Structures are given as structure tokens and as C-alpha cells.
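A.B. asks: Show me the folded form of this:
(chains A and B)
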Amino acid sequence: MSQVDCRKAMAKLDEYLKQELTPDLAAEVRRHLEHCRPCFSHARFEENFLAMMETCGRKETCPEKLRAKILAALKSEARRD
Amino acid sequence: MGASGGPKIVRAIWSSQTNRGYIASMVEPSAAGRSFDDEALPHLDALYRVALRLTADPTLAEDLVQDTMLKAYRSWRQYRPGTNAKGWLLTILRNTFINDYRRRKHEPVAMDLDLVEPHAIDRSPQETDPEGSFFSQIVDAKVLEAIDALPPDFREVLVLSDVEGMRYAEIAETLKIPVGTVKSRLFRARHQLQADLYAHAVEMGYIRPREART
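C.D. replies: Residues are numbered from 1 along each chain as shown, chains lettered A, B, ... in the order given. Sure, this is the predicted structure:
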């Protein structure tokens, strides 16, 4: 099995952070990050960025009034069928 | 965290919330029996958020979501049960936006962004704050404002990937663009946003720019 070097770790970082890698490859990337300070920092940077995007981006939810309006519209569509 | 107890790189964020319903519906064996409500309603929050980012106007966003849901309902027979409902809905939302809404909004005429050279990439965020701790200090409103300031083609890829947690292939399918284009737009969108937020963080005094340290 080929070792994960800096280039490969960084190429796979996004999928690693999104947990889309196979367990084996994810373990290899993690091993690299544990031993490579620059790659580790870079991963933390991207991880902090993604955490910010997720927490802030997902705070907005569909307003209840809109949800109710849509449900009502769907109901009247269904009656027409 | 991980089995090795090593760096806390893996956070269980991507498998949470948003994708759950979608993944559940993919493995649902009797998906054919699922109703429109079961498949579509769990994605209302995501549709609303994406609509907000596309229109940058809460009233338009509400209209867009409602139009999308009605169109989706009417073409429900075209949906293949158990496939990517979220992507299917977002495709309808996006087409509706392009056809009916874009001209209501004063969006600058889009350039072919994939031909534009990437921003001279500003390395200073990572040189000054290698682990990006400043990101957590930026208030939500500022983050959203900075996202909304991105060119539309960058913005939508970024939102689908980094806010809604969609995979490259799903985004490519939703936007009808190659996976390579998804990746390059995402890369540039992130760099631009990171540079903008870094400039903001410096301005607000959350971090001291490199010059101040030397």
C-alpha cells in the first residue's frame, strides 16, 4: 500500500473532512496528519472554515409561515387531482 | 475522538442532519411507496437557505421555494423514488430561479468564471493564523454577507457543498456541470471567501496582520 504523502493528503483533505473516504484511506490520511505539522495546520484551517460554514449557514430555517403556506398550497393542488 | 486519540480532525458534522433524510431514503427498500410529503418536505430548510443565497431577498426566496414545491409536486411522477430527492428539488429550484427570477433581481451579467484566472491567492490568512481560529469569531451576519458577495456561480457551489453538505457528484448532477468544474469553483470560492473574511477579521482586530508581528 502506498504511503500517503503531503500531496496526496492535501488532495484528499476535502473528502477526508467530509468523511467520504474509505476507512482505510481515511486512516492513512489521519496518520499523515498526526505526523506532519504543516498538513495538520492546513487541515485544522479548513476544518475551522467548514465548521463556521456549517454552523452559520444552517442556522436559517424555513419560516413556519412559509411552511404552512406551502402545505396549504399542496393540499389544494392535491384536491384538484 | 478518533480511534487513535490523535488530532481532532474528524468531526461528525457531515453525516449529521441534512444528509440523514436523503441517505435514509436511498436505502429505503420500499421507496416506491413514499409520498411526495415524505420525500420533499424534509428538505424545506435546505431549499429555503439555498433560495436565500440565490435571491439575496427573503420575499423572493419564499416565493421561489413555494413555486419550487408546487412544480415538484406536479412533476412528482418524473422523480425516481429512492434517488437523490434533495438534488432533484434543488435542480427544480435552480431552474425556476434562472428562468423566472434572475431577471427580477439585478444580478451582474455572469462572466464565464471558469475562464477567469483565480484571484491572486492571498496566503496571509494561513501564515498569520495557521489553524484558522479566527473563523469562529466572525459573526454569522458577516459570513452570510460575504457569501452573498461572491459571484453567483461560485456562491451556489459553495453553499451546496459547505453548507448543505452535498458531495461533488451530487452537486455536478444538480447543476449539470462536470465534477472538475465543481471542484475548481469550490476551490476558488473558498479561497475568495477566506480572504474576504480574513480581511474583515484584521479590520475588526480579531487577528493581527503579519506585519504587526515582525
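A.B. asks: What strand or helix carries the closest residue to B:H200 other than its chain neighbours?
C.D. replies: In space, and not counting its chain neighbours, B:H200 is closest to B:K142: 6.0 Å by C-beta to C-beta, 6 or more residues apart in numbering or on different chains. C-beta: built from backbone N, CA, C; applies to glycine. If you go by DSSP states H and E, B:K142 is part of helix B:140-148.
A.B. asks: what helices or strands is that helix leaning on?
C.D. replies: Using 3 or more C-beta pairs under 8 Å, 6 or more residues apart in numbering or on different chains; DSSP states H and E, the elements in contact with helix B:140-148 are helix A:37-57, helix B:152-158, helix B:179-204.
A.B. asks: who touches it?
C.D. replies: Helix B:140-148 is contacted by residues A:52-53, A:55-57, A:59, B:53, B:56, B:155, B:158-159, B:193, B:196-197, B:200 when judged by C-beta atoms under 8 Å, 6 or more residues apart in numbering or on different chains.
A.B. asks: buried set for it?
C.D. replies: Neighbour counts over helix B:140-148 (16 or more other C-beta atoms under 10 Å in any protein chain shown) mark B:142-144, B:146-147 as buried.
A.B. asks: Going by distance to B:Y79, which of the residues you listed wins?
C.D. replies: Using C-beta to C-beta, B:I147 comes nearest to B:Y79 of the buried residues of helix B:140-148, at 29.1 Å.
A.B. asks: Could you report the separation of the closest one from B:L197?
C.D. replies: For B:I147, the distance to B:L197 (C-beta to C-beta, to the nearest Å) stands at 10 Å.
A.B. asks: same question, A:A26
C.D. replies: 28 Å.
A.B. asks: Residue in chain B with the shortest distance to chain A?
C.D. replies: When scored by C-beta to the nearest C-beta, chain B has B:V163 as its residue closest to chain A, at 3.3 Å.
A.B. asks: Identify the residue nearest that residue in space, chain neighbours excluded?
C.D. replies: By the measure of C-beta to C-beta, 6+ apart, the closest residue to B:V163 outside its immediate chain neighbours is A:G57, 3.3 Å from it.
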